[in-house]
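In: Fold the following for me, if possible:
(one chain, ligands or ions: 2)
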Amino acid sequence: MLKEAVKYKLTEGETARLVQLTDPHLFASHEGQLLGVNTAHSLSAVLNTLAATHYPAHLMLATGDISQDYTPESYRNFVEAIQFLGLPCHYLPGNHDDPRVMHLHMQGPGVFGQQRIFIGNWQILMLDSTVRGKPGGHMAEVQFQLIEQAIAAEPDRHTLLVMHHNPILVNCAWLDQHCMDNGADFLARVSRYAQVKGGLWGHVHQAIDEFYPRSGEPLPLMATPSTCIQFKPQSPYFALDHLQPGYRLLELLSDGSIHTHVYRVPGNRFAPDHSSSGY
Ligand SMILES: Nc1ncnc2c1ncn2[C@@H]1O[C@@H]2COP(=O)(O)O[C@H]2[C@H]1O
Ligand SMILES: [Fe+2]
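Out: Numbers count the residues shown, from 1 in each chain. Ligands and ions are numbered 1, 2, ... in the order given. Alright, predicted model coming up:
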């Protein structure tokens, strides 16, 4: 069933400006650490870096793994942390989230768990790629139906598909075992729709900007650094990167193109424990 969209009106031809935050892995305690990084502090540093730019975003997308301990407080901490930005926030679940606790506690003015967003002449679909109890993902048939129905209902809108799991492999064997297991099928199916103009996700704790080849314009595929620890790209075994926490800005142009860039916290305040072998 297609749910009502949250609607943002833009002036004719205006670009939609989005911020993506992903994988904050927060705890109930503000002292909580993931592999030596205080995740509340790193999120706060990311938010301050963003705020310092005075970027006039219309909304924020939070693409899962909000929590590391599944607690109500971890979700409330996220809502409280982003409040000062004054941006509406649309979220979807990651493998480290409890969808029920998330739904109950990701609450606040302008916080939305709905699947559809209309902004200008774009439609953004917030998809659920999670599989209960598993770190890896799967795009379920109901999600394909949602995509197909949403496009059929709004054929003149450019469409951005947003999810937690990566539909492409990232060449990190340890991490690729937790990818979207039907990612190739997902991309083959959705790329047939000319309306689909981009795919965006979290989960891989690293920046990726690639294109999926198709007839017509190639399809932009984007992954975004976590607001806490970073995984080392192209590593067959579990390894952390020295890069700092970050976020992504996306500009959705009215012609269907996307301008995007990843930004990170300046300096090197956030140093994870490089000897750790996982979590
Ligand atoms: N050493 C490891 N080997 C395999 N998987 C891991 C390891 N450490 C953590 N993971 C899981 O892999 C996931 C990848 O990113 P997540 O933030 O979803 O959380 C991670 C853990 O659930
Ligand atoms: Fe994560």
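In: Now the nearest residue to residue 260 once chain neighbours are set aside: phi and psi?
Out: Spatially, and ignoring its direct neighbours in sequence, residue 260 is nearest to residue 250 (4.5 Å; C-beta to C-beta, 6 or more residues apart in numbering). (C-beta placed from N, C-alpha, C; glycine too.) Note on residue 250: backbone dihedrals following degrees, to the nearest 10 are phi -130, psi 140.
In: Is residue 250 bridged to anything, and to what?
Out: Note on residue 250: beta-bridge partners residue 18, residue 260, judged by DSSP bridges.
In: Confirm for me that it is in contact with residue 199.
Out: No. In this structure residue 250 lies outside contact range of residue 199 using C-beta atoms under 8 Å: 11.8 Å.
In: and for those two, which residues touch both?
Out: Taking C-beta atoms under 8 Å, 6 or more residues apart in numbering as the criterion, residue 250 and residue 199 both touch 160, 222.
In: need the contact list for the residue nearest to residue 49 when sequence neighbours are not counted.
Out: Spatial nearest neighbour of residue 49, chain neighbours left out: residue 265 (5.1 Å); criterion: C-beta to C-beta, 6+ apart. Shown in contact with residue 265 (C-beta under 8 Å, 6+ apart): 42, 45-46, 49, 244-246.
In: mind checking pLDDT for the residue nearest to residue 260?
Out: pLDDT for residue 250: 98.
In: got a list of what it touches?
Out: Residues counted as contacts of residue 250 (C-beta under 8 Å, 6+ apart) are 17-20, 160, 198, 200, 222, 258-260.
In: The closest residue to residue 234 other than its chain neighbours: neighbour count?
Out: The shortest distance from residue 234 to any non-neighbouring residue, by C-beta to C-beta, 6+ apart, is to residue 171 (5.1 Å). By the measure other C-beta atoms under 10 Å, the count of residues near residue 171 is 11.
In: Need the per-residue pLDDT for the residue nearest the centre of the chain.
Out: Centre of the chain computed as the mean C-alpha position; nearest residue by C-alpha atoms, centre = their mean is residue 63, 2.9 Å away. On pLDDT, residue 63 comes in at 98.
In: Contact partners for residue 232?
Out: Taking C-beta under 8 Å, 6+ apart as the criterion, residue 232 is in contact with 172, 206, 239-241.
In: For my notes, please list these in TSV and give pLDDT and distance to ligand 2 for each entry.
Out: Below are the contacts of residue 232 laid out as TSV (pLDDT from 0 to 100; distance: C-beta to the ion, whole Å):
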residue	pLDDT	distance to ligand 2
172	98	13
206	98	11
239	98	15
240	98	13
241	98	14
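In: So which of those sit within strands?
Out: Taking DSSP state E, every one of the contacts of residue 232 sits outside strands.
In: For those residues, could you give me TSV that also reports neighbour count?
Out: Below are the contacts of residue 232 laid out as TSV (neighbours: other C-beta atoms under 10 Å):
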residue	neighbour count
172	22
206	23
239	17
240	20
241	16
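In: can you put those in a markdown table and add distance to residue 277?
Out: Shown next, in a markdown table, are the contacts of residue 232 (distance: C-beta to C-beta, whole Å):
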| residue | distance to residue 277 |
| --- | --- |
| 172 | 14 |
| 206 | 18 |
| 239 | 9 |
| 240 | 10 |
| 241 | 15 |
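In: Looking at the residues you listed, which is nearest residue 231?
Out: The nearest member of those to residue 231, counting by C-beta to C-beta, is residue 206 at 5.4 Å.
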